[in-house]
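Asks: Whatever this is, show me its structure:
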Amino acid sequence: MAEICDGRVAVVTGAGRGLGRAHALEFARQGAKVVVNDLGVGLDGREGDGDGDASPARQVVAEITAAGGQAVADHHDIATWDGAAGLVRTALEAFGKLDVLVNNAGFLRDRMLVNLSEQDWDDVVRVHLKGHFLTIRHAGAHWRDQYKLGNLNDARVVNTSSGAGLLGSIGQGNYAAAKAGIAALTIQAAAELGRYGVTVNAIAPAARTRMTEGTFSTMMARPQDEGAFDTMAPENVSPLVAWLGSDRSRAVTGRLFEVEGGKIGVADGWQHGPTVDKGARWDAAELDAVVAGLIERAPAPAPVYGG
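Replies: Predicted coordinates for the structure are as follows:
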């Protein structure tokens, strides 16, 4: 089978474990050179070079190189301006170019809204939403500069949203808001970066990771029957991500794909719905029937997760 990312350079954030690790390995299998970004440290508290205490990023790099691929580790904090810039610089210094940015890094701080602290809000929004913005900002500036130099880009950004961002999720207000922001940022970035030869899409994956195993333990459980399809294995998500990072996805941008096990769907975002135009200012007392009529004509919203 052809390697659909042969010769491309892909950066994957949060790639030491879980979905990010699966994405990095899949890109390498598909012929890409991979920058494996992760903040994680080794058993001795340092990045480490030894087999026993290597950082998660270095362990993934070792897996890729052992299989004959090319990869480098990167430990920048992508939720900082300098860290995101450093990540892009790592790709350019190691491999001379950047073709694919996969934004995956994130974590949870779950609380009901009335129990959610300011720090829990700020931490989650910082890593998920700000982290996505900063890497797009610096990678996008690089691709713009290449375009201005007359170099044609065929670049990709793959963001990671969530069903929580599309529909809401009880007890995850900070996470849901950040992931909804990422969905909107995807549309925005697709519109702005398209002129430079960059497509921007997002996924809303359902998979077993350190983030989801505790929160959704029943849903994320491994199958009991030996040989049964493991629907929640993170590796199930990665083929779509690799395809979105390849040159085959050139005509697809500004889209959000839901992916779980062997199921892939396109999420339909906010659209203009039913309207009523009086042609003049409404009186507030008139709006009982007006709003009721609009809601009756509009499709019912999908239920919130956990509701």
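
Asks: How many residues are close by the closest residue to A67 other than its chain neighbours?
Replies: Leaving aside its chain neighbours, A67 sits nearest to A28 (6.9 Å; criterion: CB to CB, 6 or more residues apart in numbering). C-beta: built from backbone N, CA, C; applies to glycine. The burial count assigned to A28 is 27, neighbours taken as other CB atoms under 10 Å.

Asks: Who are the contact partners of A28?
Replies: Contacts for A28 (CB atoms under 8 Å, 6 or more residues apart in numbering) come out as V34, I64, A67, G69, Q70, A71.

Asks: any idea which of those has the most stuff around it?
Replies: Result: V34 is most packed of the contacts of A28 (other CB under 10 Å), 32 neighbours.

Asks: pLDDT weak spots in the chain?
Replies: 1, 41-53, 209-224 (pLDDT under 70).

Asks: looking at it, V304 is touching Q172, isn't it?
Replies: No - if you go by CB atoms under 8 Å, V304 and Q172 don't touch, sitting 10.0 Å apart.

Asks: Those two: which is more packed in?
Replies: Neighbours per residue (other CB under 10 Å) separate V304 from Q172, with Q172 holding more: 26 against 13.

Asks: As TSV, the contacts of A28 with secondary structure and distance to R137 would be great.
Replies: Shown next, in TSV, are the contacts of A28 (DSSP: H, G, I helix; E, B strand; the rest coil; distance: CB to CB, whole Å):
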residue	secondary structure	distance to R137
V34	strand	21
I64	helix	27
A67	coil	33
G69	coil	28
Q70	coil	26
A71	strand	24
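
Asks: Just give me the closest of those to A105.
Replies: The closest of the contacts of A28 to A105 turns out to be V34 (CB to CB; 14.9 Å).

Asks: List the contacts of the nearest residue to that closest one once chain neighbours are set aside.
Replies: Sequence neighbours aside, A71 is the residue nearest to V34 in space, at 4.3 Å (criterion: CB to CB, 6+ apart). Going by CB under 8 Å, 6+ apart, A71 touches A24, A28, K33, V34, V35, V36, V60, V61, I64, T65.

Asks: Can you say which of those are buried?
Replies: A24, A28, K33, V34, V35, V36, V60, V61, I64 (16 or more other CB atoms under 10 Å).

Asks: These: which two are farthest apart?
Replies: For those, and using CB to CB, no pair is farther apart than K33 and V60, which are 13.4 Å apart.

Asks: follow-up on the earlier one: looking at the contacts of A71, which are in strands?
Replies: Judged by DSSP state E, the subset of the contacts of A71 located in strands is K33, V34, V35, V36.

Asks: From L108, how far out is W121?
Replies: 12 Å (CB to CB, to the nearest Å).
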